[in-house]
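Asker: Have a look; sequence and predicted model below, questions after that.
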Amino acid sequence: MLQKIRHTPVAPTRTQRLASGGEIDAHRHDDHQIAYASRGAIAVTTDAGSWVAPATRAIWIPAGTVHQHQAHGELVLHLVGLPVTENPLGLDKPAVLAVSPLLRELIVAYTRAPEDDSPPRLRLRAVMLDQLTVSPEQPLHLPVPTSPLLRELHDILRADPADNRSLDELGRQIGASARTLSRRLRADLGLTYPQWRTQIRLHHALILLADDTPVTTVAHRCGWSSASTFIDVFRRAFGHTPGSRPAA
């Protein structure tokens, strides 16, 4: 559970920088908020799980959601606050959204401009909201299991994403059969074991890449057999190769 929760009624709109490993502690807003990293990667954690977004993704945080941020790599963070009446995608849970090159530039410009109600800023905001309306949700949520057995398995895989043991082998370590674990994974998270393990590995890969870890090293540390296999999985998940990133 997240502790020491701050209540900041108005979600800020601003650009800020955080060193790698820097955090914004647990808090909630009465507004919706979008968190976007034009450099580095931003991780948002709630009681329901964690979301990690590189520079081609943004994180939607609904009003009232208790959350905390963590920076991976030298982070340039853009925060957009929106009143509860403005919810372009109708989302009531945290989500990762695709960020097109145009939406990226709109978010960066909007969060760097002085806060006022001038006509140019209002036009910028209107176009940004239009682009958010057509931003597809991306499956980058790493849910926290509720089952104690799955939590134990989760901790093993998060501690060493390169652990390539089969579900049978891992099950023997925690005292459960592969069939039991598979059934609980589907019931609890709606995922197969390979799907869940890949999600864990991709989350870890984003964190390592944000700290400028070489692609080959990331592939090895996250359990892929080769850099080319990792690059292929990463491209299918994110739409670009792990070595490419937009400038901040």
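Answerer: Nice, I can see it.
Asker: the bottom helix or strand of this structure by mean pLDDT?
Answerer: Taking mean pLDDT, DSSP states H and E as the measure, the chain has strand 137-138 as its least confident helix or strand, at a mean of 71.
Asker: pLDDT averaged over stretch 144-164 - what is it?
Answerer: Taken as a whole, stretch 144-164 has a mean pLDDT of 89.
Asker: I'd like the numbering to begin with 16 instead of 1 from here.
Answerer: I'll keep to 16 as the first residue from here, and by that count the last item is stretch 159-179.
Asker: Give me the buried positions along that stretch.
Answerer: Residues of stretch 159-179 classed as buried under the neighbour-count rule (16 or more other Cβ atoms under 10 Å) are 160, 162, 164-165, 167-169, 172, 176. For every residue, glycine as well, the C-beta is placed using N, CA and C.
Asker: circling back: which strands border the following helix or strand past the least confident helix or strand of the chain, and is each parallel or antiparallel?
Answerer: On the C-terminal side of strand 152-153, the closest following helix or strand by DSSP states H and E is strand 156-158. Strand pairing for strand 156-158, using DSSP bridges, gives strand 64-68 (antiparallel).
Asker: buried ones in the strand it pairs with?
Answerer: Within strand 64-68, judged by 16+ other Cβ under 10 Å, the buried ones are 65-68.
Asker: Stretch 98-110 too?
Answerer: Using 16+ other Cβ under 10 Å as the burial criterion, the residues of stretch 98-110 that qualify are 102-103, 109-110.
Asker: That stretch: how far from the chain's middle?
Answerer: Distance, stretch centre to chain centre, for stretch 98-110: 17 Å (Cα atoms, centre = their mean, to the nearest Å).
Asker: same check, this time on stretch 179-194
Answerer: Here stretch 179-194 shows a centroid-to-chain-centroid distance of 28 Å under the convention Cα atoms, centre = their mean.
Asker: First-to-last residue distance for it?
Answerer: Terminal residues of stretch 179-194 are spaced 18 Å apart (Cα to Cα, to the nearest Å).
Asker: Can you add secondary structure and give the buried residues of stretch 159-179 back as TSV?
Answerer: Converted to TSV, these look like this (DSSP: H, G, I helix; E, B strand; the rest coil):
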residue	secondary structure
P160	coil
S162	coil
L164	helix
L165	helix
E167	helix
L168	helix
H169	helix
L172	helix
P176	coil
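Asker: Taking those residues, tell me the two that lie furthest apart.
Answerer: S162 and P176 (20.2 Å; Cβ to Cβ).
Asker: on that earlier part again, can you convert the buried residues of stretch 98-110 into TSV and add a column each for pLDDT and secondary structure?
Answerer: Rendered in TSV, the data for the buried residues of stretch 98-110 read as follows (pLDDT from 0 to 100; DSSP: H, G, I helix; E, B strand; the rest coil):
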residue	pLDDT	secondary structure
N102	90	coil
P103	87	coil
P109	88	coil
A110	86	strand
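Asker: With distance to L137 as added columns, please give these in a markdown table.
Answerer: Supplementary listing: those in a markdown table, determined by distance: Cβ to Cβ, whole Å:
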| residue | distance to L137 |
| --- | --- |
| N102 | 19 |
| P103 | 16 |
| P109 | 27 |
| A110 | 26 |
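Asker: hmm, who's touching stretch 27-41?
Answerer: Defining contact as Cβ atoms under 8 Å, 6 or more residues apart in numbering, one finds that stretch 27-41 is touched by 17-21, 55, 81-96, 123, 125-127, 130, 225-226.
Asker: before we move on, what about stretch 74-82?
Answerer: Where contact means Cβ under 8 Å, 6+ apart, the residues beyond stretch 74-82 that reach it are 17, 20, 26, 41-51, 57, 59-62, 66, 68, 99, 102, 104, 106-112.
Asker: I'm done for today, thanks for sticking with me.
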